[in-house]
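> Need a 3D model of the following:
(one chain, ligands or ions: 1)
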Amino acid sequence: MSNLDLLSLIQGKVRSLKAYQVENIDCAVKLHANENPFQLPEELLSGFSKSFKKLQLNRYPDPDSRALKESIAKRLNAPIENLIIGNGSDELILLLLQVFCNEGDSISFPDPTFAMYSIIARGLGLNPCSFPLDEHWDFDARSFLKTANDSESRIVFLSYPNNPTGNCFSEDQVRHVIECFEGIVVVDEAYYDFSGKSFARKIEQHNNLVVLRSLSKIGLAGLRVGFGIADPLVIDQLNKVRLPYNSNTVSQTLAEYLLNHFDRVQQQIDTILEERDRMIGELKKVGSVTVFPSDSNFIMFRTEQLAEDLFRHLMDNGILVRDLSAHPKLKNCLRATVGTREENDRFLEAMALAVGK
Ligand SMILES: Cc1ncc(COP(=O)(O)O)c(C=O)c1O
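The predicted structure is shown next:
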């Protein structure tokens, strides 16, 4: 029998970490995780179930995700050598940090932003430096670059659109960072399908630019598929630390199928965008709520009451949203993903009941 002091065996940098909080509460209306509220279109599901039978699940997946990369390359009109597939784009954030940072190095990002940049960095013994966003949730590139350069950051992360604020930063400020930063610039376009705005074309002129995309927000969250677009040299280095079978056969095949039948998914995206604009309009009519502009599939808003109370009230009405108020700049802020029309109506009714005047 052994009864070791296990905590003393754990690396200090891991011991002091707090795990990423994923709400896994059973709720009828889940508007907390920025997922696509619609099931995959029937046509896609039945088409895929036919090819599913042919999959050789007794064999390892294609370690290079070749067919999936070809579908992405065709859609992007980019060479396949510029692509890498991740088990979600989360995994690519980890690989980038592994490739470009030594323990003790710094990385920078505007704040508030996607929590995983900081969490993964800390787990690797890196030093995350945050730069405060202004009242429009935007930033001045020169000041941001000063923070990044003063801390000798190896990588800067720009979530574009930014999670959780929902907006795209000013295009000229992002461009300035890409053009002037002498390290790796990661533009995280996880919500690209909703914003339609991308810096991917700039990779041809800036070999330090890495663009990340995700299929999680448009219907495949359960399959974990993300991809990166970068200079082939960067892709080669990322492949050195990537586990060979990071993307499984089912994910590769269904993602490829979805990309090759994108028109059906596009209809869902269009519906989500219409619903988002309707939700913003309706939320603005609810008293005592400040609604922030959104280029994504979610909406951030601030209430005059305690966010915690509103979160509870929504939960009591079967609606799960994200409470952001633990962040010092997001006092009484909540984030709601755009759901189906029925879900959104339920959310709006509960909001009106709680804060309406
Ligand atoms: C800005 C941003 N980047 C990356 C991710 C991770 O996405 P994936 O599911 O592809 O790992 C998310 C997920 O919420 C996100 O908001």
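
> need the helices for this protein, in chain order.
Along the chain, counting by DSSP state H, helices occupy 6-9, 12-15, 42-54, 66-76, 89-100, 116-123, 141-150, 171-180, 192-195, 232-241, 249-260, 262-285, 307-316, 341-355.

> Tabulate the ones you listed (JSON lines), appending mean neighbour count.
No exception for glycine: its C-beta is placed from N, CA and C like everyone else's. Formatted as JSON lines, these follow (neighbours: other Cβ atoms under 10 Å):
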{"stretch": "helix 6-9", "mean neighbour count": "8"}
{"stretch": "helix 12-15", "mean neighbour count": "11"}
{"stretch": "helix 42-54", "mean neighbour count": "12"}
{"stretch": "helix 66-76", "mean neighbour count": "17"}
{"stretch": "helix 89-100", "mean neighbour count": "22"}
{"stretch": "helix 116-123", "mean neighbour count": "19"}
{"stretch": "helix 141-150", "mean neighbour count": "17"}
{"stretch": "helix 171-180", "mean neighbour count": "16"}
{"stretch": "helix 192-195", "mean neighbour count": "22"}
{"stretch": "helix 232-241", "mean neighbour count": "15"}
{"stretch": "helix 249-260", "mean neighbour count": "20"}
{"stretch": "helix 262-285", "mean neighbour count": "16"}
{"stretch": "helix 307-316", "mean neighbour count": "17"}
{"stretch": "helix 341-355", "mean neighbour count": "18"}
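
> And those helices: which comes nearest the ligand?
For the ligand, the closest of the helices of the chain is helix 89-100, at 3.5 Å, according to Cβ to the nearest ligand atom.

> what's the angle between that closest one and helix 232-241?
Angle between the axes of helix 89-100 and helix 232-241 is 100 degrees (criterion: axes from the mean of the first three to the mean of the last three Cα atoms, to 10 degrees).

> tell me what helix 89-100 is packed against?
Helix 89-100 sits against strand 83-86, helix 116-123, strand 153-159, strand 184-188, strand 209-214, strand 226-229, helix 232-241, with contacts defined as 3 or more Cβ pairs under 8 Å, 6 or more residues apart in numbering; DSSP states H and E.

> Given the third one, what are its sheet partners and their directions?
The strands that strand 153-159 pairs with in its sheet are strand 106-111 (parallel), strand 184-188 (parallel) (by DSSP bridges).

> Could you work out which of the helices of the chain reaches nearest to N332?
helix 307-316 (4.4 Å; Cβ to Cβ).

> Columns mean neighbour count, distance to the ligand and mean pLDDT on top of the strands paired with strand 153-159, output as a markdown table?
Converted to a markdown table, the strands paired with strand 153-159 look like this (neighbours: other Cβ atoms under 10 Å; distance: least, Cβ to the nearest ligand atom, whole Å; pLDDT from 0 to 100):
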| stretch | mean neighbour count | distance to the ligand | mean pLDDT |
| --- | --- | --- | --- |
| strand 106-111 | 24 | 10 | 98 |
| strand 184-188 | 25 | 5 | 98 |
